[in-house]
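> Take a look and give me a structure for this.
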Amino acid sequence: MPASLQTLEKTRNIGFIAHIDAGKTTVTERVLYFTGRIRKIGGVDDGTTAMDWMEQERERGITITSAATTAQWGDYTVNIIDTPGHVDFTAEVERSLRILDGGVVVFDAVAGVQPQSETVWRQADKYNVPRICFVNKMDRVGADFYRTIDSISHRLQANPIAVQIPIGQEDAFLGVIDLIEGKSWTWAEEGMETPKEGPVPEEFIEEFLNYRGLMIEKIAETDDDLLLKYLEEEEISNQEIKDALRKATIGYRIVPVFCGTALRTKGIQPLIDAIGDYLPSPLDVPPVTGTLPTSDEEITRSPNPSEPFSALAFKTVSDPYIGRLVYFRVYSGTAAAGSSVYNSTNRRRERLGRIVQMHAQRREEIAEVHAGQIAAAVGLKFTATGDTICAQGDPIVLETISFPEPVISVAVEPRSRADQDKLSDALIKLSDEDPTFKINYDNETGQTIMSGMGELHLEILVDRMKREFNVEGSVGKPRVAYRETVRNASTGVGRFVRQTGGHGQFGHVVVQMEPGESGSGIQIEDKITGGAIPREFIGPAQSGIREALNTGPLSGFPIIDVKITMVDGSFHEVDSSQVSFQIAGSMAAKDAVNKAKPVLLEPIMSLEVVTPGDFLGEVLGDLGRRRAAIRNIEGQGEIQVVKASIPLGESFGYANAIRSLTQGRASYTMEFENYTPAPEGMLTS
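Numbering: from 1, shown residues only. Below is the predicted model:
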């Protein structure tokens, strides 16, 4: 195997993903310490961790933006991304998982699978990311390793297999037993960095044999040769178990589970070993597929430095010292600093200026990047998140990254006229960094509207405007992103006629409108026959239809989930033009909407509340007042989990309300579910 491929075989591109407060950043911090990447362990509560470098992260003790770094562990090069756990910053997880080869999912040993655990698990499923699990906080009161594995199996529909079992739990947690090697690793005291290796303690031998047998049985089910040996009761070597487990993990059939407590630095070294042993290298995942820029012809690129260069930009950041940084993952080939590359998404040539490897916010300049690496570049002026950069002579367009639509809006105004330009500049730079942060100008109200994924998301962005861009902004009450749709079928006619001294204007379009499936968006079909409208005017007419549907008659919000069919029309050989048919199409769509009983839609959020049973009545009563529909209530010991659907407009201020109702002991997670008809007479302004 060539040296370049040997290097790739020992490369791991992994991310730490989890629910908020499960301990991702603490785990990452210990991994960086033991790999020698940092010399001193920081703490989330103290605001001294390497990966939470933003002031807002350190003040709040949460991760807001995904941070990248690179570490060495033996022969392995591990590129690490630490992602946020709060649902408002789910886009950071989405773009990270799109370019990673493997993931470490961190679970709280007390809480088990939590709401955002399910979200990140679904995101990892979407991008086919193999993963291992780390059950953290084994030293906490109420920690239960086996209950957590059951919740992974039942709530995530996964196939978890314990590869370790704990020696003790809660304050008696001392270490782990390796079920494959048949040895124990113990940390006798807090802060003990190097574990003590030993045999399986006598009192755990029965438990060890039981869980080892279960592990081998589950692994054998995924490998025909191993299964034959298992059924014939032949000896299976530890290496055969490891090889089969690696293969099954990369094939999404098994999820190995490890345990420890990152805060007490117990169980971290075996976890780092497992990253190398069981998560894939760039060579283990299928070659990346893309299309030619000029057609839909599918092509593939393998992770080989000798192939043409191709990379996907997954993040942009405005760095105060060196300008605009674009993070990218290289899928094939090699590129040197200063070389020219081609942005095949928007078909522009770019210059790959300086190339840097990131360690959170610190940069280390490198001369070139190879297949399998994650780096950042200065000088890519026109490249945005989701764009493909590649060799100009061998262009490819890779699958882009999809992000959820923002669901909450606020009006923002500068405190003074002098701040107007600075505000616009800050908003543009922040929206360039964050694809779920949208800005638009409302011509009717004269307001600048910023939209995001939740109250915390927008609060952080306003805080960043103040600190990073020196802009004081006044923020109005959150505005819900309502939508409109139609209830009935209708026919709309648009006839645009203007007579002037010279050529006039003539456009005539007839459309049929009907309600579409929920979530179908806007569908426009062309059923014009007999040349009633020439082909060159069909596109402009459809453009006019879409433009008209951007503003509904009830509230000015966009119209969604409708199907429009162009059925008839007429034209004038001299007076018809693209502009006249664009206007006629717009008139026809507006006419059809007005006849089809338009209805206001409000965004509904999927809400999950985890509360002690003592406060269940208060929580349900409050949800009833907020027009929430309770879907399910299930108990886990003393903890009750309430699943409900709640209108977004009723959810503002819920964080404070639930804290006061439950003495701060409940937590909740919300994410967008769908749009449903709003009550009659609801005010949207």
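> Can you give me the neighbour number for E405?
Counted with other CB atoms under 10 Å, residues neighbouring E405 total 11. Just so you know, the C-beta spots here come from the backbone N, C-alpha and C atoms, and that holds for glycine as well.
> you'd agree it is up against F672?
Yes: distance between E405 and F672: 7.5 Å, which falls inside the contact criterion (CB atoms under 8 Å).
> and the gap between the closest residue to Y230 other than its chain neighbours and A248?
If the residues on either side of it in the chain are set aside, Y230 comes closest to A220, at 4.0 Å by CB to CB, 6 or more residues apart in numbering. In this structure, A220 and A248 are separated by 10 Å, where distance is defined by CB to CB, to the nearest Å.
> Assign a three-state SS to A313, would you?
Following DSSP: H, G, I helix; E, B strand; the rest coil, we place A313 in the strand state.
> Use 40 as the first number for this chain going forward.
Understood, numbering begins at 40; the last thing we discussed is A352.
> what bridges to it?
For A352, the beta-bridge assignment (DSSP bridges) gives partners F367.
> Roughly how far does it sit from I428?
For A352, the distance to I428 (CB to CB) stands at 6 Å.
> Give me the common contacts of these two.
When CB atoms under 8 Å, 6 or more residues apart in numbering defines a contact, the residues bordering A352 and I428 alike are 367, 419, 422.
> CA-only coordinates of stretch 532-551 in PDB, if you can.
Taking only C-alpha atoms (Å, rounded to 0.1, in the frame of the first residue of the first chain), the coordinates of stretch 532-551 have been written out as PDB:
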ATOM      1  CA  VAL A 532     -57.400  34.100 -14.800                       C
ATOM      2  CA  GLY A 533     -54.700  36.700 -15.400                       C
ATOM      3  CA  ARG A 534     -55.100  39.100 -18.300                       C
ATOM      4  CA  PHE A 535     -52.600  41.900 -18.600                       C
ATOM      5  CA  VAL A 536     -53.300  44.300 -21.400                       C
ATOM      6  CA  ARG A 537     -51.600  47.700 -21.900                       C
ATOM      7  CA  GLN A 538     -51.900  49.900 -25.000                       C
ATOM      8  CA  THR A 539     -49.300  52.600 -25.600                       C
ATOM      9  CA  GLY A 540     -48.100  54.600 -28.600                       C
ATOM     10  CA  GLY A 541     -45.800  51.900 -29.800                       C
ATOM     11  CA  HIS A 542     -45.800  48.200 -28.900                       C
ATOM     12  CA  GLY A 543     -48.400  47.300 -26.200                       C
ATOM     13  CA  GLN A 544     -48.300  44.600 -23.600                       C
ATOM     14  CA  PHE A 545     -50.400  41.500 -23.800                       C
ATOM     15  CA  GLY A 546     -50.400  38.400 -21.600                       C
ATOM     16  CA  HIS A 547     -53.200  36.000 -20.800                       C
ATOM     17  CA  VAL A 548     -52.800  33.000 -18.400                       C
ATOM     18  CA  VAL A 549     -55.400  30.600 -17.000                       C
ATOM     19  CA  VAL A 550     -54.500  28.400 -14.000                       C
ATOM     20  CA  GLN A 551     -56.200  25.800 -11.800                       C
END
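> starting at the chain centroid, how far to that stretch?
Centroid separation between stretch 532-551 and its chain, computed with CA atoms, centre = their mean, to the nearest Å, is 47 Å.
> mind listing what's buried in that stretch?
532-535, 544-551 (16 or more other CB atoms under 10 Å).
> could these go into a markdown table alongside distance to S463 and pLDDT?
Listed next are the buried residues of stretch 532-551 as a markdown table, based on distance: CB to CB, whole Å; pLDDT from 0 to 100:
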| residue | distance to S463 | pLDDT |
| --- | --- | --- |
| V532 | 41 | 95 |
| G533 | 36 | 95 |
| R534 | 40 | 93 |
| F535 | 35 | 94 |
| Q544 | 36 | 90 |
| F545 | 40 | 93 |
| G546 | 36 | 94 |
| H547 | 41 | 95 |
| V548 | 37 | 95 |
| V549 | 42 | 95 |
| V550 | 38 | 94 |
| Q551 | 42 | 95 |
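> which two from those residues end up farthest apart in space?
Q544 and Q551 (24.4 Å; CB to CB).
> surely V66 meets G306?
No: the pair V66 / G306 is not scored as a contact, 9.4 Å apart, by CB under 8 Å.
> Need the residues touching each of those two.
Common neighbours of V66 and G306 (CB under 8 Å, 6+ apart) are F173.
> Mind checking what helix or strand follows the biggest helix by length in the chain in sequence?
Identified as the longest helix of the chain according to DSSP state H is helix 617-634. Next helix or strand after helix 617-634 toward the C-terminus (DSSP states H and E): strand 637-651.
> Output that following strand as CSV, nothing but the C-alphas.
Only the C-alpha atoms of strand 637-651 are listed here, as CSV (Å, rounded to 0.1, in the frame of the first residue of the first chain):
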residue,chain,number,x,y,z
PRO,A,637,-57.1,30.9,1.8
VAL,A,638,-56.3,29.9,5.4
LEU,A,639,-53.6,31.0,7.8
LEU,A,640,-51.2,28.3,9.0
GLU,A,641,-49.2,28.4,12.2
PRO,A,642,-45.9,26.5,12.9
ILE,A,643,-46.4,23.7,15.3
MET,A,644,-43.4,22.5,17.4
SER,A,645,-42.8,19.0,18.7
LEU,A,646,-42.2,19.5,22.4
GLU,A,647,-40.8,17.0,24.9
VAL,A,648,-40.8,17.9,28.6
VAL,A,649,-38.9,15.8,31.1
THR,A,650,-40.2,16.6,34.6
PRO,A,651,-40.3,15.0,38.0
